[in-house]
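Enquirer: sequence and predicted structure, then a few things I'm wondering about:
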Amino acid sequence: YVGRDVESMVRDLAEQSVNMVKLRRKEAVKAQAAQVVEDIILDALIPPISGSATPATRHGVGFGTDGNQVPTSDQELNERTRDKFREKIRSGELDERKIEIKVEQSSSSGIGILGGQTGMDEASLSGLQDMLGNMLPKKTRKRRVTIAEARRILLDEEAAKLIDMEEVKEEALRHAENSGIIFIDEIDKVASRSGKGGGGPDVSREGVQRDLLPIVEGSAVSTKYGILNTDHILFIAAGAFHV
């Protein structure tokens with residue numbers, strides 16, 4: 001409490017709730033995202049070809065030797081080669097092979113330096129940073145990584161694209177409001193003995209009444225994800241009131 005905005009603990013709770021809901025949603029779309037990632041890796045290894053059925057100029061390695069029909073066009077040869085490599089990707093045979101992938105870069109880096117100069121609170125600053133980040137075009141850069149690492153990087157990106165962040169925010173705020181628990185330790189530090197001044201100059205009865213009590217009793221806190229009402233949050237406080 002001393003030297004820290006009381007509302008920040010409610011914002012921390014909202015942040016935790018959003019992360020939990022986002023993680024659960026990502027798990028739900030993991031299989032779908034994995035399929036997309038597999039296609040991206042496969043395209044990097046064996047780019048697909050499109051066009052008319054041109055006669056195959058050469059026989060593919062491994063085709064036609066086990067009774068399979070020899071491909072009659074470059075397109076068919078390409079598809080069969082891709083199928084072979086898809087199996088190798090799934091079995092993990094190519095995990096150590098390096099490929100070049102495009103990775104998204106955050107375009108809102110460096111905006112945080114405005115905070116101390118504008119006097120904006122944490123929620124407003126975070127909201128502004130997110131808004132500017134969404135408005136600016138997404139930058140991509142090429143990276144050369146192993147297939148195993150590419151799968152890990154791309155899976156997170158593709159899963160994020162498949163979830164609706166507006167739904168995540170709504171569900172997270174609802175969970176935080178109705179199932180949130182905040183533990184306030186060392187609550188005795190807000191009390192000071194007469195003449196001792198143990199609470200320090202920043203803690204007074206007026207400060208507790210003005211800041212801490214409204215949060216505990218129920219108020220609306222502005223977070224970067226929306227308004228969060230603390231009416232039904234469970235606050236557990238503990239302290240050593242031995243004086």
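Expert: That came in fine, so what should we check first? Computed from a predicted model, the values in this text were never measured in an experiment. Numbers count the residues shown, from 1 in each chain.
Enquirer: what comes into contact with the top helix by length along the chain?
Expert: Counting by DSSP state H, the longest helix found in the chain is helix 8-28. With contacts defined as Cβ atoms under 8 Å, 6 or more residues apart in numbering, helix 8-28 is touched by 33, 122-123, 156, 159-160, 163, 168-169, 171-173, 175-176, 180, 182, 184, 215, 221, 223-225, 228, 230, 233. Any C-beta I mention is one placed from the backbone N, CA and C, and that applies to glycine too.
Enquirer: show me where this structure has its strands.
Expert: 98-105, 139-146, 181-184, 220-223, 226-229, 234-237 (DSSP state E).
Enquirer: tell me which of the ones you listed sits most buried.
Expert: Neighbour counts (mean count of other Cβ atoms under 10 Å) averaged over each of the strands of the chain peak at strand 220-223, with a mean of 18.
Enquirer: before we move on, the earlier item: export the longest helix of the chain as PDB, just CAs?
Expert: Below are the C-alpha coordinates for helix 8-28, written out as PDB (Å, rounded to 0.1, in the frame of the first residue of the first chain):
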ATOM      1  CA  SER A   8      -3.000  -1.600  -9.000                       C
ATOM      2  CA  MET A   9      -3.800  -4.800  -7.200                       C
ATOM      3  CA  VAL A  10      -7.200  -5.000  -8.900                       C
ATOM      4  CA  ARG A  11      -5.500  -4.300 -12.200                       C
ATOM      5  CA  ASP A  12      -3.000  -7.100 -11.500                       C
ATOM      6  CA  LEU A  13      -6.000  -9.400 -10.800                       C
ATOM      7  CA  ALA A  14      -7.600  -8.500 -14.200                       C
ATOM      8  CA  GLU A  15      -4.200  -9.200 -15.900                       C
ATOM      9  CA  GLN A  16      -4.000 -12.600 -14.300                       C
ATOM     10  CA  SER A  17      -7.600 -13.400 -15.300                       C
ATOM     11  CA  VAL A  18      -7.000 -12.400 -18.900                       C
ATOM     12  CA  ASN A  19      -3.800 -14.600 -19.100                       C
ATOM     13  CA  MET A  20      -5.700 -17.600 -17.700                       C
ATOM     14  CA  VAL A  21      -8.700 -17.200 -20.100                       C
ATOM     15  CA  LYS A  22      -6.300 -16.600 -23.000                       C
ATOM     16  CA  LEU A  23      -4.300 -19.800 -22.100                       C
ATOM     17  CA  ARG A  24      -7.500 -21.900 -21.900                       C
ATOM     18  CA  ARG A  25      -8.700 -20.500 -25.300                       C
ATOM     19  CA  LYS A  26      -5.300 -21.200 -26.900                       C
ATOM     20  CA  GLU A  27      -5.500 -24.800 -25.700                       C
ATOM     21  CA  ALA A  28      -8.900 -25.200 -27.300                       C
END
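Enquirer: thanks again, I'm all set now.
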